[in-house]
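S.K.: here are the coordinates; sequence isn't available:
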């Protein structure tokens, strides 16, 4: 099965609304966890990351906390903007020597004015 | 910041021809680069891990003879789609991890949209 599971989209919000995108991962060791954002027609940009339990990654108003007890890494933003419309991917890095990224299915977020 | 450049960003080719996609790390060296494929509205699927100076490691189900990967220098990896067919049409994305920094993140190129007609 997939190592990373995130909520399905699309998620449609009004500007200034609160955003949460759930992400859970399979726990093999203590993988580093990431959120990436993809704007239409572009590659991926790293949004934030956390490398150990209880770490909180934050960037551009987005936050996510590495929760070992619930194997979760939910993404939150308190007040979204239209420019936050994109697809968001949760990812974990394998703990082997390759350090590959395993991605969730992606969640499209649409923010309306 | 670290920049990864992919070229071309878009390419249209005829069925049966080959297409080469380049992935360059512009301001850092990358011993390891990764190639992904993304279908519309879907996630990224890892195709192969490319290591400078050695053979690429392909994921299960990926045809190594169809998707040729060469990582001849610490700043360049290439993916060649040989004898392309319409089903190879997709968005291909590379990422590169800085050498010597195993536990840091990899940086992504902007992707290449391949359309086979």
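M.R.: Nice, I can see it. This one's a predicted model, so the numbers in the text were calculated from it and none came from an experiment.
S.K.: The spatially most central residue of chain B: what secondary structure?
M.R.: Closest residue to the average C-alpha location of chain B: residue B:35 at 3.6 Å, with CA atoms, centre = their mean. Using DSSP: H, G, I helix; E, B strand; the rest coil, the structure places residue B:35 in strand.
S.K.: OK, contacts around the nearest residue to it once chain neighbours are set aside?
M.R.: The shortest distance from residue B:35 to any non-neighbouring residue, by CB to CB, 6 or more residues apart in numbering or on different chains, is to residue B:47 (4.6 Å). C-beta: built from backbone N, CA, C; applies to glycine. The neighbours of residue B:47, taking CB atoms under 8 Å, 6 or more residues apart in numbering or on different chains as the test, are B:35, B:36, B:37, B:58, B:59, B:62, B:67, B:79.
S.K.: returning to what we had before: how about the contacts made by the residue nearest to the centre of chain B?
M.R.: For residue B:35, the contact set (CB under 8 Å, 6+ apart) comprises B:23, B:46, B:47, B:48, B:50, B:67, B:69, B:77, B:79, B:92, B:93, B:94.
S.K.: Just the ones of those residues in strands?
M.R.: Counting by DSSP state E, the part of these found in strands is B:23, B:46, B:47, B:48, B:50, B:67, B:69, B:77, B:79, B:92, B:93, B:94.
S.K.: thought the first one was touching residue B:96?
M.R.: Yes. The pair residue B:23 and residue B:96 qualifies as a contact (CB atoms under 8 Å) at a distance of 6.7 Å.
S.K.: Where in chain A is the helix or strand with the lowest mean pLDDT?
M.R.: Within chain A, confidence by mean pLDDT, DSSP states H and E is lowest for strand A:101-103 among all helices and strands, at a mean of 89.
S.K.: For it, give me every contacting residue.
M.R.: Counting by CB under 8 Å, 6+ apart, A:2-4, A:34, A:36, A:89-94, B:34, B:43-44, B:46, B:95, B:106 sit against strand A:101-103.
S.K.: roughly how far out does it sit from the chain middle?
M.R.: Centroid separation between strand A:101-103 and its chain, computed with CA atoms, centre = their mean, to the nearest Å, is 11 Å.
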